[in-house]
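Asks: the sequence and its predicted three-dimensional model are supplied below.
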Amino acid sequence: MKCPACQEPLIVIEREGIEVDWCAACGGIWFDAGELELLAEAAGRDFVLAFRQTSPGRAGASRPRRCPRCAKRLEPRALAQEPPTELDLCPRGHGIWLDRGELGATLRGMQTAAGAPDAGCVAEFLGETFDAPVKRQPSPDPKARRETGNGKR
C-alpha cells in the first residue's frame, strides 16, 4: 500500500494486537476500519468521533488523497474539538488516515471511559512501535553524546 499523503510505501506494524500502516517518510498512520477503535479502547477512551458540519479541506494539498485500499478519494473531516483536527476518511469505510501529530489530538478529543486504564499505554504503544528505530540513531546534540559517553570533551 502507498501513503495517501506522499505516495511512499506504508510499513505494516503490529503491536499488542493492533495493526497499523505507517509511513516512515511523512509519519502518517493509516488505520483500517476498527483499528483506531481498538487503540482508543486500550487508551481508556470512548471511541466517538464528532465532526464539524463543514470541513474546509486540507490546505496546501497538491492532489487529492486516496484510500490505500480502494483508491477512492479520501474525505477530509474536521473533528468538533478545539483546535480542530482534520482526519481523512475513506468514503467506503475502509479506514482513516492521520497525519503526523493527529493521533494524539484525536485521542485527547475523546471522552475518558469510566474506570479507564492509564492512557500511558498509548504513549508506550507509539513510543515502542515508532520511536524504537530513531532511538538507535546517534544524537546530533553534543550534550546528549557526553551523557551517553559518545562525545569528547
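Replies: Okay, I see it.
Asks: okay, now the unreliable bits of the protein?
Replies: Scanning the chain for pLDDT under 70 picks out 54-62, 113-153.
Asks: so where do the helices sit in it?
Replies: 35-42, 102-108, 120-126, 132-135, 142-148 (DSSP state H).
Asks: next, the buried residues of the longest one.
Replies: Just to be clear, that refers to helix 35-42. Glu35, Leu36, Glu37, Leu38, Leu39, Ala40, Ala42 (16 or more other C-beta atoms under 10 Å). C-beta coordinates here come from the backbone N, C-alpha and C atoms, glycine included.
Asks: how close does Ala40 get to Leu107?
Replies: Look at Ala40 and Leu107: by C-beta to C-beta, to the nearest Å, they are 6 Å apart.
Asks: apologies, that question was intended for Gly17.
Replies: 17 Å.
Asks: now the end-to-end length of stretch 19-27.
Replies: 16 Å (C-alpha to C-alpha, to the nearest Å).
Asks: so what touches that stretch?
Replies: 1, 3, 5-6, 8, 10-14, 28-32, 35, 68, 99-101, 129-130 (C-beta atoms under 8 Å, 6 or more residues apart in numbering).
Asks: of the residues you listed, grab the buried ones for ChimeraX.
Replies: The buried residues among the contacts of stretch 19-27 can be selected in ChimeraX (16+ other C-beta under 10 Å) with this line:
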select :3,5,10,28,29,30,31,32,35,68,99,129,130
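Asks: what about the contacts of stretch 19-27, which are in strands?
Replies: Applying DSSP state E to these, the entries found in strands are Ile11, Val12, Ile13, Glu14, Ile29, Trp30, Phe31, Asp32.
Asks: looking at Gly17 and Leu107, which is more packed in?
Replies: Leu107 (18 against 8; other C-beta atoms under 10 Å).
Asks: pretty sure the more buried one sits against Phe47.
Replies: No. Between Leu107 and Phe47 there is no contact under C-beta atoms under 8 Å: 9.7 Å.
Asks: what is in contact with the two at once?
Replies: Ala40.
Asks: touching, Cys67 and Pro4? I think so.
Replies: Yes. With contact defined as C-beta under 8 Å, Cys67 reaches Pro4; the gap is 7.0 Å.
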